[in-house]
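Trainee: got a predicted structure plus its sequence, pasted below:
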Amino acid sequence: MDNDTTPANDTAATTGADQPSQPEGERACEESLKIIIERHEEIIQKRWIGKSKTKRRALLRKVWPTIPVSRRPDFTAYNAYTKNSVNVKDADTTPFKWPYINLDDMSKTEPLLLMLNSRARNTPDTFAYIDLASTLLGRRSGWLVQGKFPSHIMMLRGRTTPSTYGELYPWDEDHAARCGHAHKAYTPGDGFLILEVQCMIYSFLFGCCKEIIHDVPEQCLMNKNLPIQPEPPMVSSKANSEDIRFLATTSFEDRYKAPAKTDFNRLETLLWAAIGDTAEHLRSLRQDPGYFERAMNQCREHRLESLPDTNGQPDPLLTLPTEDEFWGRVLCQIISHALHRINALDKLYRKISYLCFLVNQHTNNNISPEEDLPPEFAEAFYGVKFHLVKFLPACLRKDIMAATYGSAPFRPYFCRGMPNPEDRDQITICAQANVTPPESGSKVMSCIRTLSNERQRSMLGPKDIFIELELYMQQDPSAKSFMTPLVANWLSYPGLLCEFLHQIDLYQPWAAGFEHYARQHDKCLEEDLAEGSEYSYNLYDMGLKIWVKLAPLGCPKGGKFHYPVDEPRSKETTEAMRQAEANLDIFWKRLVRDLKTRKVLSPLTRDIICGDFRKTEPWVEPRKLSKKAKEEEKKKEEQKEESLTKWLKDLGLETPARAHKVKGKMKEQTKTDVKSSDGSVEDEAEESGPTSFKVNKRALKVFSALFFDGPNPSQAGDITWADFIHAMASMGFTAEKLFGSAWHFEPAVGMGFCSSIQLHEPPSENKIPFVTTRLLGQRLARSYGWKRDMFQLAT
């Protein structure tokens, strides 16, 4: 077959006089960079780390005089060009081609060193996909105009020599039959863009090396005869440690590394923990009146009806005659969210679990990048991506944006427009005159608004938007005050789906063939998506009237769900708790009846919300014992324990109070009912034998508060979220901050804990309220069987 081999340095577009000069084209820079890094990387690292930020910025400007200043300059350029109607021919396209190369990012310690290491120690074809992906905004917005070469393709993947990298081939039916699908080739327009991007990157990095070790003579710098040095340790942000990681920070650094491989097992683990978190939310709505009341009031405070209209008047739904309709909408939103989410996650988990099975099955049979995936594998892989592509827009629609507008931090800056008499669900939002949010609030609002806009989201990339939002809140703590707990919680779910999509897209080159596969198998993919979705469809069909009828039972007004678990136990608080539980039972029994009638409950949701739940025991006056009687009871207990200890020793067994360090292994766990301090019954994982863990003083304080079992909650002790993370780390867990408010806690291998767990960070950096501490303790007790008396102070 005839071919047209096109060298990379000949096809790259010109880069402009203000940009770094190219020594001898891309190939020369690539080879020179490899020689330098293999022999001088350690000294380059030390010198760069030792430079101040001012000196780093000066060096970067010397290498690239017109380097953009701020992070994500493509975002800034897109907004400015669109606002000012800049002509494409007059636009500077630099920000769209190299969005990750800018002063703000590159003057940090890690990005430049990571980029030097990865680009010098890997061939250019390794980065073809991510270099093209980085130009997404420029390509989809039209600011990057790509040339068209009909009936040709460019080959980059797997081409590791200068003579084959970037070859052009005629594209005809015969070649298509032999060469396969789109995942093996690029269009010439994309290919030339990749070559231009890479040419400038290698030239930029080569220039940085020369400036950092400017005092080394060039003949020594480029001497191939010098011995190759061992590769120094990889640098990483101080924000990430062995025990604590931040997904946004990790994702930011990944932009400068060689693309990682898809970790399918991690996807399965994250998804299982997310299902557990959603199940716990639904379970708490069903059985905890206090949790239900807080959820209802929290949702009410984020509704658009809470905004005044342009005349400063409240929404008519908030007036007494139509109050049931408002609370019906709140009920519908809370419970529908929970049911939809758990059904979607459950379906996705079954698909990813099967995909992991196939991946492990093919581990020993490595699939060549030149081959298509086996049919069964392809069906599972592309089916997972199809579900993610459909699920993500569904959970980023108007609810999150509406909740942000209606939240307390943004309420002073917005109002409702005139209502639509034909559709009361259509609420127009207007900015208040002469009032604008501060810069930190505007940035948060801009990110959430972009996430909610399908067109902008597809151009900028949803995960990149999440990364920028998280990094901005790390950089400016005042921005956190504009992110309410409800909005952060709701962002966690789509944020997790974005991470799943990103991981699936890393499975190159096959992920690149998704659109081709979807066009050929669209009917099968749609049928697979619809299968098992009848529960969600039935839920959509319920209509608002049913929820409005339930509103009198589910409305939290009048204190019907007041649940004083944070007050000292007394006859009055016990009766109040029992009454609240009874009121919640009445509501849920009526709701479950309606859900069953309309076939809304899946087997999983039925198991969660149906059945018997814990109840607070009736109040019993505590026995008043004299001091002498208390001492006698204590002495009897000690004698029993001594007798049991002696008996076990005679049998050659361990004592019940055996204590071991945290790294020890917990035994297999089964379920049992255990009475809690408030007289209720909780499902806990019962171990086959008592176990105790030795922890430090700070961790012991945390676990004492989490599993407090005394009559007065004010004596539980105050803890912070940082204290909680420390305690989990002391138990061998790695904590990872995901997007939104979600944290993923992964037990170390060999710890014996059954699975990971996902929890949500409380809103305040101050002390965690007791009701939240209690819920965290209940989650851990149900998951791992932990109790207060298991934790002892290490000596």
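Mentor: Received, thanks.
Trainee: what about the strands in this structure?
Mentor: Secondary structure of the chain (DSSP state E): strands located at 152-155, 167-170, 244-246, 414-416, 429-431, 659-661, 669-675, 681-687, 692-695, 733-737, 742-747, 757-760, 791-793.
Trainee: between the ones you listed, which gets the lowest average pLDDT?
Mentor: Looking at the strands of the chain, the lowest mean pLDDT belongs to strand 669-675 (a mean of 38).
Trainee: any idea how far Leu267 is from Tyr349?
Mentor: 9 Å (Cβ to Cβ, to the nearest Å). Any C-beta I mention is one placed from the backbone N, CA and C, and that applies to glycine too.
Trainee: and stretch 162-169, what's buried?
Mentor: Buried residues in stretch 162-169, counted by 16 or more other Cβ atoms under 10 Å: Pro162, Tyr165, Gly166, Glu167, Leu168, Tyr169.
Trainee: Cys494 contacts Asp399, doesn't it?
Mentor: Quick fix: residue 494 is Pro, not Cys. No: using Cβ atoms under 8 Å, Pro494 is not in contact with Asp399, being 10.6 Å away.
Trainee: tell me which of the two has more neighbours.
Mentor: Pro494 (24 against 15; other Cβ atoms under 10 Å).
Trainee: got a list of what Ala260 touches?
Mentor: For Ala260, the contacting residues are Asp254, Leu506, by Cβ atoms under 8 Å, 6 or more residues apart in numbering.
Trainee: on that earlier part again, counting neighbours, go ahead and name the busier of Leu267 and Tyr349.
Mentor: More crowded of Leu267 and Tyr349, by other Cβ under 10 Å: Leu267, with 22 against 17.
Trainee: tell me if I'm right that the more buried one and His502 touch.
Mentor: No: judged on Cβ under 8 Å, Leu267 makes no contact with His502 at a distance of 10.3 Å.
Trainee: and for the spatially closest residue to Lys694 that is not a sequence neighbour, the neighbour number?
Mentor: Counting by Cβ to Cβ, 6 or more residues apart in numbering, Lys694 lies nearest to Ala794, which is 3.9 Å off, once chain neighbours are set aside. Counted with other Cβ under 10 Å, the neighbours of Ala794 add up to 15.
Trainee: what's the distance between Ala794 and Arg698?
Mentor: For Ala794, the distance to Arg698 equals 11 Å [Cβ to Cβ].
Trainee: common neighbours of these two, please.
Mentor: Joint contacts of Ala794 and Arg698 (Cβ under 8 Å, 6+ apart) do not exist.
Trainee: contact partners for Lys83?
Mentor: With contact set as Cβ under 8 Å, 6+ apart, Lys83 has no partners.
Trainee: circling back: is the residue nearest to Lys694 in contact with Ser692, as I believe?
Mentor: No: with contacts counted by Cβ under 8 Å, Ala794 stays clear of Ser692, the gap being 10.9 Å.
Trainee: what sits against the residue located most distally from the centre of the chain?
Mentor: Residue farthest from the centre of the chain, counting by Cα atoms, centre = their mean, is Lys628 at 57.3 Å. Residues near Lys628 by Cβ under 8 Å, 6+ apart: none.
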